[in-house]
Structure formats: C-alpha cells, structure tokens
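>>> Need a 3D model of the following:
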Amino acid sequence: MTWSKMRDDLIAQTKAFVQSVNGGKQQLTPQPASVGAAPIEEPFAELVSDFVANTAPSETSVAAEPIERAEQTDDLPSPPALSPRPPALSEVRREIQTRVAAFQAHQHRFHREREAYFNSVLTKVRSDIEKGPDAPTLS
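Alright, predicted model coming up:
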C-alpha cells in the first residue's frame, strides 16, 4: 500500500468518526474573513466619547481637584526632570569590547589549564608505563 492510499484511508476514517460524534450533522467549515481596510483615524474616538458622556459631573470635579491644588502650590520647588540619558555609542562600544576581551582572556586561561593538565597526566602515564611491573627490563 502506498503512503497516499494510507493517507486517504486515514482521512476517510477521521471524517467518519467526526460524523459519528456529531450525530450525522454536517460540520460547518469556517470561511476565511475578507480583508478590508480598517479606519486609522481616531480608533478610540467612540470609546472616549461614550466614557465622557457616561461620566457624572461630580466624578470629573473630584478627579480634577488634586491637579488644580498641585498647580496652585508655588512654595514647593519642583524636582528637576530626571530623564535617563541614553549612553553614547562610544561608551556602549567600549563596554562591549571590554566584555569580549574579558571573555577571551577567560577562554585562553581555560585552554592553558587544560593543556597543563593534559601534559601532567600524559607525563604521569608515561612514567608509570616505564616503571610499571610489566615494564621491559633493559639488560
């Protein structure tokens, strides 16, 4: 049996199972929605106008009252605006270069330690082979 025949049989079995579960009702297939141009201007205009129309006058006066009081106090100095200054490109580049250099130094150190360990183990194995019990005697 070919794979396409097996696939068709599986599809037929699946359709029969779906119809048995649905009680023989025809299943509605969703149709793709038509793509239309959405208005871009003022997408929330209706929501804002509904909110303003449904808001009681007492709510707006209570909400506006603390703002008016804050504007009337002239005796307190206003804090300076602290906007975070984006780092200059050269500062970012310098930081990246130092991090890359530190990473490379770390990798080189690991490589040197691996080499030293390998050499020490190799030396130990060679000496054990030469001095071992089955080592050939030179006479």
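>>> contacts and neighbour counts: CA atoms only from here.
Noted.
>>> Tell me how far residue 133 lies from residue 90.
With distances taken as C-alpha to C-alpha, to the nearest Å, residue 133 is found 66 Å from residue 90.
>>> Can you name the residues that contact residue 21?
Residue 21 sits next to no residue when contact means C-alpha atoms under 8 Å, 6 or more residues apart in numbering.
>>> Adjust the sequence numbering to begin at 797 for everything that follows.
In the new numbering, first residue 797, that becomes residue 817.
>>> host element of it?
helix 799-818 (DSSP states H and E).
>>> Would you mind extracting the C-alpha trace of that helix into CSV?
This file holds the C-alpha atoms of helix 799-818, laid out as CSV (Å, rounded to 0.1, in the frame of the first residue of the first chain):
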residue,chain,number,x,y,z
TRP,A,799,1.5,6.3,1.5
SER,A,800,-1.1,8.3,-0.4
LYS,A,801,-3.6,5.4,-0.1
MET,A,802,-2.9,5.1,3.6
ARG,A,803,-3.4,8.9,4.0
ASP,A,804,-6.7,8.8,2.1
ASP,A,805,-7.9,5.9,4.3
LEU,A,806,-6.9,7.8,7.4
ILE,A,807,-8.8,10.9,6.2
ALA,A,808,-11.9,8.8,5.4
GLN,A,809,-11.8,7.2,8.9
THR,A,810,-11.4,10.5,10.6
LYS,A,811,-14.4,12.0,8.7
ALA,A,812,-16.5,9.0,9.6
PHE,A,813,-15.5,9.4,13.3
VAL,A,814,-16.3,13.1,13.3
GLN,A,815,-19.7,12.5,11.7
SER,A,816,-20.5,9.8,14.3
VAL,A,817,-19.6,12.1,17.1
ASN,A,818,-21.6,15.0,15.7
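>>> Kind regards, and thank you for your time.
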